[in-house]
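>>> Here is a sequence with its predicted model. Questions after.
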Amino acid sequence: MKMEDWTEGDWEAARAYVQKNSQTLTDGSGCRGWKLSLNDGYGTAHFAGVHLAHRFSLALKLGRSIPMGMQARHVWWCPNRHCVEESHLEEGTQKQNEGDKELAGKTVKGEKSHLTKYSDEKIQEVLELAKTETAEEVARKTGLSCGYVYELKRHGGRPNMKNKKKLQATENENRAGAKRKQRSRLSDEDVREIRRRLAQDSPPTKKSLAKLFNADASTITKISTRKSYAHVMDDEESQRVHDKQKTEEYIEETKERLQTFVTKEVRDVKQKEPCWTFNGGLISNRYGQFAYNGKPMGAHVVSWAIYKNDGKLPPKGMVIRHMCLKNPACSQPAHLELGDHAANGKDKITQGTVQREDSHYRSVIDQKMREQIENMLKSGKQLVDVALKTGLTYRTVRSAVMRWEKDRTKTHVVSVEAETE
């Protein structure tokens, strides 16, 4: 049964169990030691399951179970692992628990570690030499490797040599950073409201505004001097005009930039407008690649957007079709139209840019063999006999026949619709 499902009687029984099986220690630490079995110094509690005694005691203190990933921490000045005193226990992460060990001096680091090769005096000697000499010269003099000398110089000592003050400063910095992350970016309406309040005859303090809008006081100052959020206009109508002007300026700039990458050429006598063949980088050696709004995309897509759609890209699921013959690098807006994938596929078939039937490089059935297969089927032969006669597999013959029948059905439907019209 989970702790969340316990009754009041269960909670009372659990507290009585901990009280009965622990006692106040006489070492002056104020700890309450566990009297039953220990595992690596930690007490083991057997109550509605098996628990670490200090974790069980903390759960009773909080009135809930400790979630996965969180730990029951002994405060750094508590010297006993088997302590179950509630005032000595806190909930925290593994990183916080490691920090408690650092503060309590329980971690073995530096020259005290059994893995350490060099004493602290040796490390200090290396650091003194590294102030005036290169890592290679220090390595030759001290007998250490050049890479280790470089790491010592970069970290200012062993990477794990940290004192309590540095740990405390790091923890404070992490807390401040977490607090800053909680502050969200101000919306345009928030910025306008801040400006309106600052423009009053008796404006509020910047600190009070920062607290009200969950921002830094420095941000409020920058808003007042328009060093931040300068793009936000004082009213929505001005904002729309400003955004429209910015968009038009960017579109004109993009048009000029696109013209530097294209070459105008007539590839078909039927064309009214020449193709704009893109000379820059290509995607799959076919379509031009062009940057728009900071993102790489097809040059023909950008051209259609800035010349035909007020700078807006095609909607999701739609593509830009080329109306010119076999020139995917063309960016001429007169040769581009919006369409779906089905229409684009029909364009490929019409223009002959897609390989089908015997023109495909992997095709094993040419036009002559197709006529031979159809004649054998008309004479009453089975697919198995046709496969043996032609040297093809049964599956290949069956797939080809089914595809031909499907194409004939489509052609018949299209012709009937044309007659009806």
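Good, I have the coordinates. Treat the numbers as computed from the prediction; the structure is a model and nothing was measured. Residues are numbered from 1 along each chain as shown.

>>> okay, and for the chain, where does confidence drop off?
1, 108-115, 159-184, 236-237, 239, 242, 268-270, 285, 352-362, 410-421 (pLDDT under 70).

>>> Bridged to the residue nearest the centre of the chain, which residues?
Among the residues of the chain, the one closest to the centroid is Lys295, at 16.6 Å (CA atoms, centre = their mean). When assigned by DSSP bridges, Lys295 has beta-bridge partners Tyr292.

>>> distance of the residue of the chain most remote from its centre from Lys389?
The C-alpha centroid of the chain is most remote from Ser379, which lies 63.0 Å away (CA atoms, centre = their mean). Noted for Ser379: a distance of 11 Å to Lys389, by CB to CB, to the nearest Å. C-beta: built from backbone N, CA, C; applies to glycine.

>>> Let's verify the residue lying closest to Ile283 once chain neighbours are set aside: helix, strand, or coil?
Leaving aside its chain neighbours, Ile283 sits nearest to Gln289 (5.0 Å; criterion: CB to CB, 6 or more residues apart in numbering). Under DSSP: H, G, I helix; E, B strand; the rest coil, Gln289 falls in the strand class.

>>> so what's Ser145 up against?
Residues in contact with Ser145, defined by CB atoms under 8 Å, 6 or more residues apart in numbering, are Ala139.

>>> from what I can see Tyr17 touches Ala48, true?
No: counting by CB atoms under 8 Å, Ala48 is not a contact partner of Tyr17; they are 9.5 Å apart.

>>> Domain-wise, how is this protein divided?
Following automatic domain parsing, one finds the domains of the chain at 3-104, 249-351, 363-420.

>>> Dump the ones you listed into CSV; add distance to Tyr229 as well.
As requested, these are exported to CSV (distance: least, CB to CB, whole Å):
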stretch, distance to Tyr229
domain 3-104, 36
domain 249-351, 20
domain 363-420, 59
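
>>> Quick one: closest of these to Thr219.
Judged by CB to CB, the one of the domains of the chain that comes nearest to Thr219 is domain 249-351, at 24.8 Å.

>>> ok, back up a step: how near is the residue nearest to Ile283 to Asp40?
Counting by CB to CB, the gap from Gln289 to Asp40 is 61 Å.

>>> for Leu282, same thing?
64 Å.

>>> So Gln289 and Asp40 - more neighbours on which side?
Neighbours were counted for Gln289 and for Asp40 using other CB atoms under 10 Å; Gln289 has more, 16 against 6.

>>> and Arg321, what does it touch?
By CB under 8 Å, 6+ apart, the contact list for Arg321 reads 336-339, 343-344, 347.

>>> Just put these in a markdown table and tack on neighbour count and distance to Cys31.
Conversion of the contacts of Arg321 to a markdown table gives the following (neighbours: other CB atoms under 10 Å; distance: CB to CB, whole Å):
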| residue | neighbour count | distance to Cys31 |
| --- | --- | --- |
| Leu336 | 22 | 79 |
| Glu337 | 16 | 80 |
| Leu338 | 14 | 76 |
| Gly339 | 16 | 77 |
| Ala343 | 13 | 79 |
| Asn344 | 15 | 76 |
| Asp347 | 17 | 81 |
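
>>> from those residues, which is closest to Thr263?
For the contacts of Arg321, with Thr263 as the reference and CB to CB as the criterion, the closest is Leu336, at 16.8 Å.

>>> ok, for the closest one, nearest residue in space, not its chain neighbours?
Trp304 (4.5 Å).

>>> Which strand or helix spans the one you found?
Element membership of Trp304 [criterion: DSSP states H and E] is helix 299-308.

>>> Centre of the chain to the helix or strand that comes right after that helix, how far?
Towards the C-terminus, the helix or strand next in line after helix 299-308, according to DSSP H and E, is strand 319-322. Relative to its chain's centre, strand 319-322 lies at 30 Å (CA atoms, centre = their mean, to the nearest Å).

>>> Starting from strand 319-322, tell me which strands it pairs with and how they run.
Note on strand 319-322: by DSSP bridges, its sheet partners are strand 336-339 (antiparallel).

>>> tally of neighbours for Val386?
Other residues near Val386 come to 21 when the count uses other CB under 10 Å.

>>> Doesn't it belong to a helix?
Yes: the assignment for Val386 by three-state DSSP puts it in a helix.

>>> so it touches Arg398, yeah?
No: contact between Val386 and Arg398 fails when scored by CB under 8 Å: they sit 9.4 Å apart.

>>> Wait, Val319 touches Leu336, no?
No: with the criterion set as CB under 8 Å, Val319 and Leu336 do not qualify as a contacting pair; they are 10.3 Å apart.

>>> follow-up on the earlier one: where does the residue nearest to Ile283 sit relative to Trp276, distance-wise?
With CB to CB as the criterion, Gln289 and Trp276 are 15 Å apart.

>>> try Glu12
Glu12 sits 84 Å away from Trp276 when distances are taken as CB to CB.

>>> Give me the more crowded residue out of these two.
For Glu12 against Trp276, the residue with the higher neighbour count under other CB under 10 Å is Trp276, and the figures read 27 against 11.

>>> packing partners for the strand or helix carrying that one?
Element membership for Trp276, per DSSP H and E: strand 275-278. Where contact means 3 or more CB pairs under 8 Å, 6 or more residues apart in numbering; DSSP states H and E, strand 275-278 is packed against strand 262-265, strand 287-292, helix 299-308.

>>> what about 6 Å?
Judged by 3 or more CB pairs under 6 Å, 6 or more residues apart in numbering; DSSP states H and E, strand 275-278 is in contact with strand 262-265.

>>> ok so, going back, for the helix holding Trp304, packing partners?
Contacts of helix 299-308 with other secondary structure elements, assessed using 3+ CB pairs under 6 Å, 6+ apart, are made with helix 236-259, strand 287-292, strand 319-322.

>>> at 7 Å what do you get?
Packing partners of helix 299-308 (3 or more CB pairs under 7 Å, 6 or more residues apart in numbering; DSSP states H and E): helix 236-259, strand 287-292, strand 319-322, strand 336-339.

>>> Could you check how many residues crowd around Tyr307?
Tyr307 is flanked by 18 other residues according to other CB under 10 Å.

>>> Any idea how many residues pack against the residue nearest to Leu336?
By other CB under 10 Å, 22 other residues sit near Trp304.

>>> Next one: it from Arg286, what distance?
As defined by CB to CB, Trp304 lies at a distance of 16 Å from Arg286.
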